[in-house]
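Enquirer: coordinates only, no sequence provided:
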């Protein structure tokens, strides 16, 4: 890669980093392209060299968030016990999501009016689901509805925690019991 291309990518990275900082301060939709440009010491029209629109910035933020989550989940040391494996995945996902509320909003809550991730960005989110499907298959969960129940369960607990007890642990303390109920329903008795 030539030096010009490297500078271009470095500037894109810096813009995305600044977009997250602005999001932390003002919310996902609370900042403008002008503010983003100003925070990076460039004029607003220069942003279009890197991103054709604000939705393209959100798209990059979406993709990078899923890449980060996927890598975090893959780093988990998985126990042999199927039930404990479920607990590990649930707590890792919960802890990651609760510590990244702005990413959570962009990835799962669709708070940006009209934003739809591109096919390539959405593919990263699908990889995260595929990882969970493979984990289920590895421990003998074959019911096709199990993934829907799992995502509703975990995302529901995360939403409650972020919305009603930010910085606390009210729903985190209940997560193990919910995972056990899921395991009781979907794990074969000999494997639990």
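Expert: Arrived safely, thanks for sending. Here the structure is a predicted model, which is why all the values come from computation and not from measurement.
Enquirer: element containing the closest residue in space to residue 65 that isn't next to it in sequence, please.
Expert: Among residues not flanking residue 65 along the chain, residue 103 sits closest, at 4.2 Å (CB to CB, 6 or more residues apart in numbering). Where you see a C-beta, it was placed from the backbone N, CA and C, and this is true even at glycine. In this structure, residue 103 sits in helix 101-104 according to DSSP states H and E.
Enquirer: what's the helix or strand just after that helix packed up against?
Expert: Reading on from helix 101-104 to the C-terminus, the next helix or strand found by DSSP H and E is helix 119-138. Contacts defined by 3 or more CB pairs under 8 Å, 6 or more residues apart in numbering; DSSP states H and E place helix 119-138 against helix 54-74, helix 82-99, helix 146-164.
Enquirer: what number of residues lie near residue 178?
Expert: Counted by other CB atoms under 10 Å, the residues lying close to residue 178 total 15.
Enquirer: name all residues that make contact with it.
Expert: 90, 153, 157 (CB atoms under 8 Å, 6 or more residues apart in numbering).
Enquirer: before we move on, back to that, my read: the residue nearest to residue 65 touches residue 63, true?
Expert: No: contact status for residue 103 versus residue 63: not in contact, 11.2 Å apart, counting by CB atoms under 8 Å.
Enquirer: domain-wise, how is the protein divided?
Expert: Following automatic domain parsing, one finds the domains of the chain at 1-51, 53-186.
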